[in-house]
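# Here is a sequence with its predicted model. Questions after.
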Amino acid sequence: MKSVYCFHCSGVHQFLESVPRKETCAHCGSDMHCCRNCVYYDPRAPRECREPVAELVRYKDRANFCDYFDPRKDEMVGGEKKAVSHDQARKAWDNLFKK
């Protein structure tokens, strides 16, 4: 079972295998099989995609037929990664340099 977060509202969805192309978010109605929900989506990358051989997809928030689609597993808020609290950042930093 895979947990996939909606890029638009951060609603959590469970899928047994892959995300169906026509699947929509039960919370907000956004398309789930879209660039904005993909691990390769990067607004700073050329064509906003880190997969170099993927075809250009014009509308990143709409369903598409990209063969490289791999759903994001982290929570997003409005298409951006959810902010980390100061305590969470400090704990991660301490764990990184723990002896």
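Everything's here; your move. Numbers count the residues shown, from 1 in each chain.
# Point out where the protein drops to low pLDDT.
Counting by pLDDT under 70, the chain contains low-confidence residues at 75-85, 99.
# residue ranges for the strands of it, please.
Using DSSP state E, the strands of the chain run over residues 2-5, 12-15, 76-77, 80-81.
# Show me what the first one is packed up against.
Read that as strand 2-5. Using 3 or more CB pairs under 8 Å, 6 or more residues apart in numbering; DSSP states H and E as the contact criterion, the neighbours of strand 2-5 among helices and strands are strand 12-15. Backbone N, C-alpha and C define where each C-beta goes, glycine included.
# Other residues contacting the strand it packs on?
Contacts with strand 12-15, where a contact means CB atoms under 8 Å, 6 or more residues apart in numbering, come from 1-6, 19, 23, 25-26, 32, 71.
# And that strand, what's buried?
Of the residues in strand 12-15, His13 count as buried by neighbour count, 16 or more other CB atoms under 10 Å.
# sorry, back to before: just the buried ones from the contacts of strand 12-15?
In those, burial by neighbour count holds for 4-6, 19, 23, 25, 32, 71, counting by 16+ other CB under 10 Å.
# Check the gap between Cys34 and Asp42 for me.
Plainly put, Cys34 is 14 Å away from Asp42 if you go by CB to CB, to the nearest Å.
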